[in-house]
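Colleague: This is a predicted model, with the sequence first.
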2 protein chains.
Amino acid sequence: MTNPTAAMLVIGDEILSGRTRDSNMHYLAGELTRLGIRLLEVRVVADDHPAIVAAVNALRAGHDHVFTSGGIGPTHDDITADAIAAAFGVPITHRADAMALMQAHYDRSGQPFNEARQRMARIPDGAVLIDNPVSTAPGFSLGNVHVMAGVPNIFQAMVASVAPKLTGGAPLLSQSLRVNRGEGDIAMAFGALAAEYPDLSMGSYPFIQNGAHGTNLVIRGTDAAQVGEAMTRLAALFPA
Amino acid sequence: MTNPTAAMLVIGDEILSGRTRDSNMHYLAGELTRLGIRLLEVRVVADDHPAIVAAVNALRAGHDHVFTSGGIGPTHDDITADAIAAAFGVPITHRADAMALMQAHYDRSGQPFNEARQRMARIPDGAVLIDNPVSTAPGFSLGNVHVMAGVPNIFQAMVASVAPKLTGGAPLLSQSLRVNRGEGDIAMAFGALAAEYPDLSMGSYPFIQNGAHGTNLVIRGTDAAQVGEAMTRLAALFPA
């Protein structure tokens, strides 16, 4: 498949300590599949400057797009913007357009636009702002790295803001077949079929329902005719 | 903190395509926190031999323990055991003790112990089996890498099997305070307190409930007295 590739970097101690269950990975994975962008790797790191810098530099060198979530709020543990600037070797300053957006937002809400909140207007030089229709404080894109908030509804809004600017590919299609047999019973025939279609990805996902073993078989690819043909043959192998 | 460190490697196209929502990361994160092992990094990669080998070698060099989930079933896309063997540069064969365990299991269940199922007895040389009380086919530990199934109830059972063999550390303690103020209002005072306790990790997690902003403040560390003292001071800063 020649679709663009992507990686995601989730930033936050709270995910790694088990306090918070990440939901942004699953959301982004679904959106990228719709856009025809193949998500090939996700990393989760702590709120740790060297760890973020190293992960950003490894991922941006290996993928067409990198999406980050987390660490762009007003508190001392929000260090993502500085780490991104360091990864690119560019300065970071309070940017005038971000300051103006946020000043207007806090004027409307009657809350003080204090030093902590102003931290959220610190943007690495050369970045393009990502609109945040939920709470104003923007994300940003620098090179191929798209930096977004960790709070799920803000993350999702930022993904919607940045998605139209991304170059996608042919939609990644998926068809699945539910078979009331264990994985071990279908593996040989399924593997033989998969070997005949090197351009398709075929996976099997076992489950147990009411004490009985079953397997969901999934065929993925970008060529609708080929996916359809392979699914027809799969269904013939394992009739209901 | 001098606690042992860990990384996790989640293996599977189904997570990256958005088909399946991973739950093993959150489960393992909670278990490791209880064991006093600091989970510092998670990676998710596709069912791709070079990607698995590269990730395993990077993670096992940097952490005391590495835990993997996924890719040890009977089908053609289950390539984790071979990739682990390649990462360590050791042979992989159908191991007699694993074959015997599984033969007995399938004899009891009346299912054929066919070639596909026998694949699950392929274990890299030098590995120690991890007991699987759910469906028998074992995981294994090789060096500091613990290789487990992706199906959540089997993953959890394997974690329970391997946990008693791990050297943990002082329990990672956590206390939290819920404050009915936005993050931007508490950031300065919270950051100043955090700066006084370099051995503790302090994080803030904003939420919106019934249209009002609030923040959960979390203090983590291994010294119970220090965590308690910092929480007392935090509570005094932000009285209910």
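Modeller: Perfect, I can see it now. Numbering: from 1, shown residues only, chains lettered A, B, ... in the order given.
Colleague: now the strands for chain A?
Modeller: Assigned by DSSP state E, chain A shows strands spanning A:5-11, A:38-45, A:65-69, A:92-94, A:122-124, A:128-130, A:139-142, A:145-148, A:173-179, A:201-209, A:212-221.
Colleague: In CSV: these, plus distance to A:His76, mean pLDDT and mean neighbour count.
Modeller: Any C-beta I mention is one placed from the backbone N, CA and C, and that applies to glycine too. Formatted as CSV, the strands of chain A follow (distance: least, C-beta to C-beta, whole Å; pLDDT from 0 to 100; neighbours: other C-beta atoms under 10 Å in any protein chain shown):
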stretch, distance to A:His76, mean pLDDT, mean neighbour count
strand A:5-11, 14, 98, 25
strand A:38-45, 17, 98, 25
strand A:65-69, 19, 98, 28
strand A:92-94, 16, 98, 14
strand A:122-124, 13, 98, 23
strand A:128-130, 23, 98, 17
strand A:139-142, 20, 98, 24
strand A:145-148, 18, 98, 26
strand A:173-179, 43, 95, 17
strand A:201-209, 42, 91, 19
strand A:212-221, 43, 94, 20
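Colleague: Output the ones you listed as TSV; include the columns distance to chain B.
Modeller: TSV is the format used below for these (distance: least, C-beta to the nearest C-beta, whole Å):
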stretch	distance to chain B
strand A:5-11	8
strand A:38-45	4
strand A:65-69	13
strand A:92-94	15
strand A:122-124	13
strand A:128-130	18
strand A:139-142	16
strand A:145-148	15
strand A:173-179	7
strand A:201-209	5
strand A:212-221	6
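Colleague: and those strands as TSV, adding distance to A:Ala230?
Modeller: Listed next are the strands of chain A as TSV, based on distance: least, C-beta to C-beta, whole Å:
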stretch	distance to A:Ala230
strand A:5-11	23
strand A:38-45	19
strand A:65-69	28
strand A:92-94	49
strand A:122-124	45
strand A:128-130	38
strand A:139-142	37
strand A:145-148	34
strand A:173-179	8
strand A:201-209	8
strand A:212-221	5
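Colleague: quick one, what contacts A:Ala187?
Modeller: A:Ser204, B:Gly73, B:Pro74, B:Thr75, B:His76, B:Ala116, B:Arg117, B:Arg119 (C-beta atoms under 8 Å, 6 or more residues apart in numbering or on different chains).
Colleague: Hmm, the second one is touching A:His213, no?
Modeller: No - distance between B:Gly73 and A:His213: 11.8 Å, which falls outside the contact criterion (C-beta atoms under 8 Å).
Colleague: Mutual contacts of the two, please.
Modeller: The overlap between the contact sets of B:Gly73 and A:His213 (C-beta under 8 Å, 6+ apart) consists of A:Glu183, A:Pro206.
Colleague: Just the C-alpha atoms of stretch A:163-177, please, in CSV.
Modeller: Extracted in CSV, the C-alpha atoms of stretch A:163-177 (Å, rounded to 0.1, in the frame of the first residue of the first chain):
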residue,chain,number,x,y,z
ALA,A,163,-7.7,16.8,9.1
PRO,A,164,-8.7,18.9,6.0
LYS,A,165,-5.1,20.0,5.7
LEU,A,166,-3.7,16.5,5.5
THR,A,167,-2.9,14.7,2.3
GLY,A,168,-4.6,11.3,2.6
GLY,A,169,-4.7,8.3,0.3
ALA,A,170,-7.2,5.8,-1.0
PRO,A,171,-9.6,4.9,1.9
LEU,A,172,-8.4,1.9,3.9
LEU,A,173,-11.2,-0.6,3.4
SER,A,174,-12.1,-3.4,5.8
GLN,A,175,-14.5,-6.3,5.6
SER,A,176,-15.0,-8.8,8.3
LEU,A,177,-16.5,-12.3,8.6
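Colleague: Would you pull up how far it lies from the middle of the chain?
Modeller: 13 Å (C-alpha atoms, centre = their mean, to the nearest Å).
Colleague: Contacts for it next, please.
Modeller: Taking C-beta under 8 Å, 6+ apart as the rule, stretch A:163-177 contacts A:1-4, A:31, A:33-38, A:64-65, A:141, A:216-222, A:224, A:227-228, A:231, A:234-235, A:238, B:17, B:19.
Colleague: Stretch A:122-142 now?
Modeller: Under C-beta under 8 Å, 6+ apart, the answer for stretch A:122-142 is A:72-74, A:81-82, A:84-85, A:88, A:90-95, A:97-98, A:101-102, A:105, A:117, A:120-121, A:146-149, A:153-154, A:157-158, A:161-162, A:165.
Colleague: Low-confidence ranges, chain A, go.
Modeller: Low-confidence segments of chain A, defined by pLDDT under 70: A:1.
Colleague: run the last query once more with 80
Modeller: The model of chain A has pLDDT under 80 over residues A:1, A:240.
Colleague: What ranges does it have for its helices?
Modeller: Remark: helices assigned in chain A by DSSP state H are A:13-16, A:24-35, A:49-62, A:80-88, A:96-109, A:115-118, A:152-162, A:183-196, A:224-237.
Colleague: Looking at those helices, which one is packed in the most?
Modeller: Neighbour counts (mean count of other C-beta atoms under 10 Å in any protein chain shown) averaged over each of the helices of chain A peak at helix A:13-16, with a mean of 25.
Colleague: Next up, the contacts around the residue nearest the centre of chain A.
Modeller: Nearest to the geometric centre of chain A sits A:Leu28, at 3.6 Å (C-alpha atoms, centre = their mean). A:Leu28 makes contact with A:Met8, A:Leu39, A:Phe67, A:Ser69, A:Phe155, A:Val159 under the criterion C-beta under 8 Å, 6+ apart.
Colleague: Fine by me, thanks again.
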